[in-house]
Every structure is written in C-alpha cells, then in structure tokens.
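Engineer: just need the structure, nothing else, for what follows:
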Amino acid sequence: MQEAGRKIQEEIIISGFGGQGALFAGQLLAYAAMDQDLHVTWIPSYGPEMRGGKARCTVVISDEEIGSPLVRRPSAAIVLNIPSMEAFEPAVKPGGVLVVNSSLIPQKSERDDIRVIYVPASDIASDMGNIRLANVVCLGALVQALGVLPLEAIEKALDEHLPERHRELLELNKEALRRGAEYGER
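Structural biologist: Residues are numbered from 1 along each chain as shown. Model (predicted):
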C-alpha cells in the first residue's frame, strides 16, 4: 500500500489481443480500487473483431477526483502480446512499471528508466491447466509491483465480480494472481 500522506494517481494500460482477458483484468483492478474507496475510471477499447483483434483498457486510480480518463503516458502497463509491447513500452512514463508476458513476447525492453517485469504468464497459466489465466498472472505482478492496492483487494474483487459462468475458476484465478505477485516482488 502507498505511504500515508502520499497522493495516489496510477494510470494503467492493459493491452493484448481480444480473448486474452485484458478488459477483464482492468475491470478487476477497477472494482478492487472502488472497493478501497478510491476514485476510478475504466475505459475499454477494442477493434471490430470479436477475438484476435486489438483489445485494451485504461484504468486510472486516484485518491482524488479524476480530471480526465485519457492517458497518453501511463505510469504502468501490462502487455500481453508483441503489438502491445511495441505500442506501449515507449509510452510508459520514466519511473513507471511495464509487465511483459514473456511467454509470447521474446524481445526485451531497451529502456533503463522504467521497471520491467518479465512474467512467463502464458506458460504459468498453461501449467495451471487454463491458458486464459495469463491475464490474471500479469495483474498479480502489476499489483504487487505498484503497491497501490493490496493483493487481497483483487481477490475480493474476484469473489464479488467473477461472472457466474466462470465461478468454477475462482480458486484458480486467485492462485494465478498469487503466482504473478511473486514476480512483482522481485
């Protein structure tokens, strides 16, 4: 969690292909922040394709009213595929955090002014028996690295907002979150 007295303002982009769960990861983050009585915006953006097209969302978390939900220079980003890495690695503010799904993105960041966390999220998710957990693995790494919310807040958001059709995946999602958080601690 943030130190007492410090202003909270995190601007986060989560990006991947449609079907990778970028929007869901952003929703979880937004719900968790709201449950912590923080101000939040969540804006989805996706291409016209149902699956396989571009999908991203922007989440702004603040302890004050949010003046604009538009984000040009995010303080953090999760990139789930190569096009997202190419688009958002250069955009992250100096001092920011970039979480990279290294299972699908072989290249390394050339930047030395941001913290880059390489997480083999798709491999971890496959080992857990469901490739669709990669988004939550990356979210765990981001939440742990930023410290803006406790991991328990994301778990609570999962409890309260995981769609009924995916309830059987609740415990697996929590485990994916914790596995990702291990990378965010390093």
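Engineer: packing partners of the longest helix anywhere in the chain?
Structural biologist: Using DSSP state H, we find that the single longest helix of the chain is helix 170-185. Identification of packing neighbours for helix 170-185 by 3 or more C-beta pairs under 8 Å, 6 or more residues apart in numbering; DSSP states H and E yields strand 115-119, helix 121-127, helix 134-146, helix 151-161. Where C-beta positions appear, they are placed from N, C-alpha and C, glycine not excepted.
Engineer: ok, and the closest non-adjacent residue to the most centrally placed residue in the chain?
Structural biologist: Central residue of the chain (C-alpha atoms, centre = their mean): Leu139, 3.9 Å from the mean position. Nearest residue to Leu139, sequence neighbours excluded (C-beta to C-beta, 6 or more residues apart in numbering): Ala25, at 4.6 Å.
Engineer: in three-state terms, label that neighbour for me.
Structural biologist: What DSSP: H, G, I helix; E, B strand; the rest coil gives for Ala25 is helix.
Engineer: is the residue nearest to the centre of the chain in contact with Tyr31, as I believe?
Structural biologist: No: contact criterion C-beta atoms under 8 Å: Leu139 and Tyr31 do not qualify, at 11.8 Å.
Engineer: quick one: contacts for Gly47?
Structural biologist: Listed by C-beta atoms under 8 Å, 6 or more residues apart in numbering, the contact set of Gly47 reads Gly18, Gly53, Lys54, Ala55.
Engineer: swap in Lys93?
Structural biologist: Contacts of Lys93 (C-beta under 8 Å, 6+ apart): Arg73, Pro74, Ser75, Ile114.
Engineer: from Ile78, how far out is it?
Structural biologist: Look at Lys93 and Ile78: by C-beta to C-beta, to the nearest Å, they are 15 Å apart.
Engineer: again with Met85
Structural biologist: 10 Å.
Engineer: neighbour-wise, which of these two wins?
Structural biologist: For Met85 and Ile78, the more surrounded residue by other C-beta atoms under 10 Å is Ile78, and the numbers stand at 33 against 22.
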